[in-house]
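1. Generate coordinates for the sequence data below:
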Amino acid sequence: RIAAAPDLLRTIAEHVFLKLNGRYITCAAIDRGDEALPPTLRYLFSFDKEKLLLCISSDLDPATPAAVDSLTPVIPGANWAEREMKDMHGISASGHPDLRRLVLADDWPEGVHPLRSEFRFDHRPPPASGVAPNLKTPPASTTLLPLGSFYGQKETTAYFNLFVYGERVVDVDYRGFYNHRGLEKMAGSILSYHHIPFIAERICACCGFSHSTCYCQAMESAAGMEVPPRARFIRSALLEIERLYSHSLWLASICSMEGFKHLFLKCCALQGSILNLCQFLTGSRIIFGMNVIGGVSRDFPGVPQSRLGSFMGAVEKDLAALMDGMPGELSLFSHMKMISALPRHDAQRFCVSGPTARASGIAVDARVDHPYAAYDRLSVEPVCRGEGDNLARVSVRIDEMNQSLKLVREIMDLLPEGAIRAKTVEIPPYTDCVSAVESPRGETVHYVLTGRNGRPLRWKIKSATFSNLQAIPVMLRGTNIADARMSISSIDPCFSCVEH
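-> Model prediction:
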């Protein structure tokens, strides 16, 4: 971690991003008014090849208006983080091209910022009157076409305003966060360190285990805990099973949306086999209650290898049946090729991650770049494509399904004996800790600043979709209206993760 004066933040961040090839992750603002300490900013960057995380810290002067120079003109991927910082903390980013509200509701009163220390968790301010959504100004000669909140077989809490000229998309404006749940505020107000894993795993049904793993690893780092090897292997197995289930659910949605019902049914059969495997290993079809700080709460069952083999065999059989049926469906893939391409340069500028980045030729994968759990002992190779179009994003996820199944097999063969949870130790206050996990949709990052009384001062969650959604306008510009729905679905957006 390095410290910097507020007026040097942009200069240092620009040097890290452009000269040192550091990848921007997020920014966490910390209001420590109850601790009689100044408000602080933490900018997180990753040096993937060097397997390093960089935190640039800056204390703001509480006697002056809260403002810093915006990074967005240099790092477009910082756009939403700075808008969120303005909404939730009241810290303005000077020079930001678009500081409209992102998280707060349209009728939320001005000057009230939920993540400030003086704002009570249970306070409900009266709504402002006479307000309306502040929409982006349409480009000249375009027509506004709203897409959402029901689209693509999904009921969402967001909508996309497409600005179209004829049948072509000229620009896009996103408005979401209508179901924001305030979990970060809850953590610093009423939850203890050991409550949070059970909240984190409920952020999302498809990548909840990734979130709870990410949080637990951050706290284990703060406490200097050594997680037992068996627990690390169990976490890795469940993370890959979660990836396999998430990808199969996403593919089922794609097949249903495009009218390929026979492939949809094959996906459903695969999901059933995955859930059966999950229930056999954890006692639950959805992975709840497994992660705790220091390891896992339950061990895998000590049963004959043949029983495990029968569950694994069912998953392999259903996955093979799905893969066998895919190549013949040329009409499913033909209209994905060369549609909504995200060039490598733009993918880097918007700091996307996961399959969305790897489809654009960026081999970023937290399992390799920042090994966690048991991934330092497993054969993980990022699955990449170079085209960056819808077909590339679909192909990466399909190949990752096969890779995840092989990894589960490898983990079960290497699973060591021993304890599944480390002894509980005291977590020191005022300790910064960061963890990155490769969730099904990309890199999930949790930042925690520990506090007193067994409660964090700050818990910051950055989901993969939060970064990936910012690249949607680049992907859709020039795309036909009819392809917009598929293009948005190709990044597998998780609105639940974003609206934590």
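
2. From now on I want contacts and neighbour counts done on CA atoms only, so please keep to that.
-> Noted.

3. what about M186, how many residues close to it?
-> When neighbours are defined as other Cα atoms under 10 Å, M186 has 18 of them.

4. what about it, which SS state?
-> helix (DSSP: H, G, I helix; E, B strand; the rest coil).

5. separation between it and F233?
-> Distance of M186 to F233, computed by Cα to Cα, to the nearest Å: 31 Å.

6. quick one: E438 is in a strand?
-> Yes. E438: assigned to a strand according to three-state DSSP.

7. Hmm, it is touching V364, no?
-> No. With contact defined as Cα atoms under 8 Å, E438 does not count as touching V364 (9.5 Å).

8. what sits in contact with each of the two?
-> G354 (Cα atoms under 8 Å, 6 or more residues apart in numbering).

9. Tell me where the stretch 1-150 of the chain has strands.
-> 2-3, 23-30, 40-47, 52-59, 67-69, 92-94, 143-151 (DSSP state E, counting those that start in this stretch).

10. Next up, phi/psi of the closest residue to P229 other than its chain neighbours, please.
-> Of all residues not flanking P229 in the chain, P416 sits nearest, at 6.9 Å (Cα to Cα, 6 or more residues apart in numbering). Dihedral angles phi and psi of P416 (degrees, to the nearest 10) take the values phi -80, psi 160.

11. returning to that earlier point: E438 and V364 - which one has more neighbours?
-> Just comparing E438 and V364: by other Cα under 10 Å the higher neighbour count belongs to E438, 28 against 24.

12. excluding its backbone neighbours, what's nearest that one?
-> A366 (5.1 Å).

13. pLDDT score for that neighbour?
-> pLDDT, A366: 95.

14. quick one: it from L469, how far?
-> A366 is 19 Å from L469, by Cα to Cα.

15. ok, back up a step: tell me which of the strands of the stretch 1-150 of the chain is the most buried.
-> Highest mean neighbour count among the strands of the stretch 1-150 of the chain (mean count of other Cα atoms under 10 Å): strand 23-30, with a mean of 24.

16. Run the angle between it and strand 40-47 for me.
-> 160 degrees (axes from the mean of the first three to the mean of the last three Cα atoms, to 10 degrees).

17. which other residues reach strand 23-30?
-> 17, 39-48, 75, 77-78, 81-82, 85, 89, 348, 351, 445, 447, 457-458, 460, 462.

18. helices and strands of this protein: which one has the lowest mean pLDDT?
-> Least confident helix or strand of the chain, by mean pLDDT, DSSP states H and E, is helix 330-334 with a mean of 69.

19. Whichever helix or strand comes after that one: how far from the chain's middle?
-> Moving toward the C-terminus from helix 330-334, the next helix or strand (DSSP states H and E) is helix 344-349. How far helix 344-349 lies from its chain's middle: 18 Å, per Cα atoms, centre = their mean, to the nearest Å.

20. buried ones in helix 344-349?
-> Residues of helix 344-349 classed as buried by neighbour count (16 or more other Cα atoms under 10 Å): 344, 346-349.

21. got any ranges where the chain has weak pLDDT?
-> The model of the chain has pLDDT under 70 over residues 33-36, 65, 149-157, 303-304, 327-331.

22. Spell out the residue ranges of the helices in the stretch 51-200 of the chain.
-> 79-89, 183-189, 196-200 (DSSP state H, counting those that start in this stretch).

23. Of the ones you listed, which is nearest A140?
-> Proximity to A140, assessed across the helices of the stretch 51-200 of the chain by Cα to Cα, is greatest for helix 79-89 (23.6 Å).

24. Residues touching the closest one, excluding its own?
-> 26-29, 31, 70-72, 91-93, 96, 99-104, 113-116, 466, 470.

25. Does I481 touch Y165 like I think?
-> No. Counting by Cα under 8 Å, I481 stays clear of Y165, with 9.7 Å between them.

26. roughly how far is the longest helix belonging to the chain from the heart of the chain?
-> Under DSSP state H, the helix in the chain containing the largest number of residues is helix 229-257. The chain centroid and the centroid of helix 229-257 are separated by 14 Å, computed with Cα atoms, centre = their mean.

27. Same question for stretch 344-362.
-> 14 Å.

28. again with stretch 81-96
-> 20 Å.

29. Buried residues of it, list them for me.
-> Applying 16+ other Cα under 10 Å to stretch 81-96 flags 81-93, 96 as buried.

30. Contacts only, for the closest residue to L342 other than its chain neighbours.
-> In space, and not counting its chain neighbours, L342 is closest to G388: 5.0 Å by Cα to Cα, 6+ apart. G388 is in contact with 341-344, 356, 359-361, counting by Cα under 8 Å, 6+ apart.

31. In a strand, G388, correct?
-> No. Per three-state DSSP, G388 lies outside any strand segment and is coil.

32. Would you check how far apart it and S360 are?
-> Applying Cα to Cα to G388 and S360 gives a distance of 4 Å.

33. Kindly report the same for S435.
-> S435 is 25 Å from S360, by Cα to Cα.

34. Phi first, then psi, for the closest residue to D389 other than its chain neighbours.
-> Nearest residue to D389, sequence neighbours excluded (Cα to Cα, 6+ apart): A341, at 3.9 Å. Here is the backbone geometry of A341 (degrees, to the nearest 10): phi -70, psi 140.

35. quick one: A341 and E387 touch, right?
-> Yes. The pair A341 and E387 qualifies as a contact (Cα under 8 Å) at a distance of 7.0 Å.

36. Which of these two has more residues huddled nearby?
-> Neighbours per residue (other Cα under 10 Å) separate A341 from E387, with A341 holding more: 24 against 20.

37. Now do the same contact list for that one.
-> Contacts of A341 by Cα under 8 Å, 6+ apart are 387-390, 475.

38. Swap in 6 Å and give it another go.
-> 388-389, 475 (Cα atoms under 6 Å, 6 or more residues apart in numbering).

39. how much space between it and M290?
-> 39 Å.

40. count of residues packed around the residue nearest to A471 when sequence neighbours are not counted?
-> Nearest in space to A471, with sequence neighbours left out and distances taken as Cα to Cα, 6+ apart, is F350 at 6.2 Å. One way to gauge burial is a neighbour count; for F350, by other Cα under 10 Å, it gives 24.

41. who's in contact with G208?
-> Contact partners of G208, counting by Cα under 6 Å, 6+ apart, are 201-202.

42. what's in contact with stretch 437-446?
-> Contacts for stretch 437-446 (Cα under 6 Å, 6+ apart): 210, 214-215, 243, 353-354, 366, 434-436, 460-464.

43. Could you pull up phi and psi at the closest residue to G295 other than its chain neighbours?
-> In space, and not counting its chain neighbours, G295 is closest to R421: 4.3 Å by Cα to Cα, 6+ apart. The phi/psi pair for R421 (degrees, to the nearest 10) reads phi -150, psi 130.
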